[in-house]
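Enquirer: Okay, structure incoming, though there's no sequence with it:
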Ligand SMILES: Cc1cc2nc3c(=O)[nH]c(=O)nc-3n(C[C@H](O)[C@H](O)[C@H](O)COP(=O)(O)OP(=O)(O)OC[C@H]3O[C@@H](n4cnc5c(N)ncnc54)[C@H](O)[C@@H]3O)c2cc1C
């Protein structure tokens, strides 16, 4: 939570821990006068994916869901085995759904031990960010269109630290807890639609969320559920 100090600046509010959601769910950003001083403060939810995704998986299993991991080489073969197939294969849809509009947007980030850093920072144009999270401080990043490399690139890591250090000087000395490289599923538009396959089976596609898959996830899931209900 960022408190508006009424003089053109925001500071991390001492109320932050009180308004944090401890059940790993998240919500939208909200402007409101939380401390009744006449200035609008800003509430920004930040999730730590390892905690959040584990919580979602726990809910799914507790509700009776089963997880089986395997590599699929055909949507039709998979659809034949199921009542309904929802294709959420991300960048894998380029091959699996034969969709040439899908491309990788490679990202790289680092999780630091930096408990003194409480203020978040984001520059969407340059993809630079500093996110204080429950599990450390995440810094990044890059967005390299068309790059399929999943390995970490030490030169990019060094550059991320250099850029973040210009904003928060202490970052250069912070211990690195983990480093991540990932492929965002790029596509000009999200593909969320029902497809009637020649086999007679229907498939719901839900992929291509690019840099904002977490942000869009609940809304897209509701649309998928509505399509599935219409089929029933
Ligand atoms: C560095 C970085 C920072 C990001 N920051 C944010 C952020 O701040 N906010 C935000 O909202 N989003 C962010 N994103 C984007 C977000 O991570 C993605 O949009 C999201 O993960 C997409 O989810 P998905 O489930 O559609 O695809 P994925 O998470 O890519 O999952 C697709 C799954 O399908 C599996 N799969 C693919 N093909 C096959 C196959 N043939 N057989 C079996 N399985 C297959 C893959 O193994 C994978 O498990 C970020 C991404 C990166 C890389």
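Expert: Yes, it's here. What you see is a predicted model; the values in this text were computed from it and never measured.
Enquirer: which strand residues sit across from residue 128 in the sheet?
Expert: residue 123 (DSSP bridges).
Enquirer: Provide a list of residues in contact with it.
Expert: Shown in contact with residue 128 (C-beta atoms under 8 Å, 6 or more residues apart in numbering): 121, 122, 140, 141, 163, 164, 167. Any C-beta I mention is one placed from the backbone N, CA and C, and that applies to glycine too.
Enquirer: just checking, which of those belong to helices?
Expert: Those of the contacts of residue 128 mapping onto helices are 163, 164, 167, per DSSP state H.
Enquirer: Put together JSON lines for those, with distance to residue 147 on each row.
Expert: What follows is these, written out as JSON lines (distance: C-beta to C-beta, whole Å):
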{"residue": "163", "distance to residue 147": "19"}
{"residue": "164", "distance to residue 147": "21"}
{"residue": "167", "distance to residue 147": "25"}
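Enquirer: thought residue 191 was touching residue 207?
Expert: Yes. Residue 191 is in contact with residue 207 according to C-beta atoms under 8 Å; the separation is 5.7 Å.
Enquirer: ranking the ones in helices among the contacts of residue 128 by neighbours, who comes first?
Expert: Of all those, residue 164 has the most neighbours under the rule other C-beta atoms under 10 Å, reaching 26 neighbours.
Enquirer: any idea how far residue 170 is from that residue?
Expert: With distances taken as C-beta to C-beta, to the nearest Å, residue 164 is found 10 Å from residue 170.
Enquirer: where does the nearest residue to residue 72 once chain neighbours are set aside land in three-state SS?
Expert: Among residues not flanking residue 72 along the chain, residue 78 sits closest, at 5.0 Å (C-beta to C-beta, 6 or more residues apart in numbering). Classification of residue 78 by DSSP: H, G, I helix; E, B strand; the rest coil places it in helix.
Enquirer: what about residue 78, how many neighbours?
Expert: Residue 78: 16 neighbours (other C-beta under 10 Å).
Enquirer: Would you confirm that it contacts residue 85?
Expert: Yes. Using C-beta under 8 Å, residue 78 is in contact with residue 85, at 5.5 Å.
Enquirer: name the element residue 193 belongs to?
Expert: Under the criterion of DSSP states H and E, residue 193 resides in strand 191-196.
Enquirer: Tell me the buried residues in whichever helix or strand comes after that strand?
Expert: Downstream of strand 191-196, the first helix or strand assigned by DSSP H and E is strand 202-207. Neighbour-count burial for strand 202-207 flags 203, 204, 205, 206, 207 (criterion: 16 or more other C-beta atoms under 10 Å).
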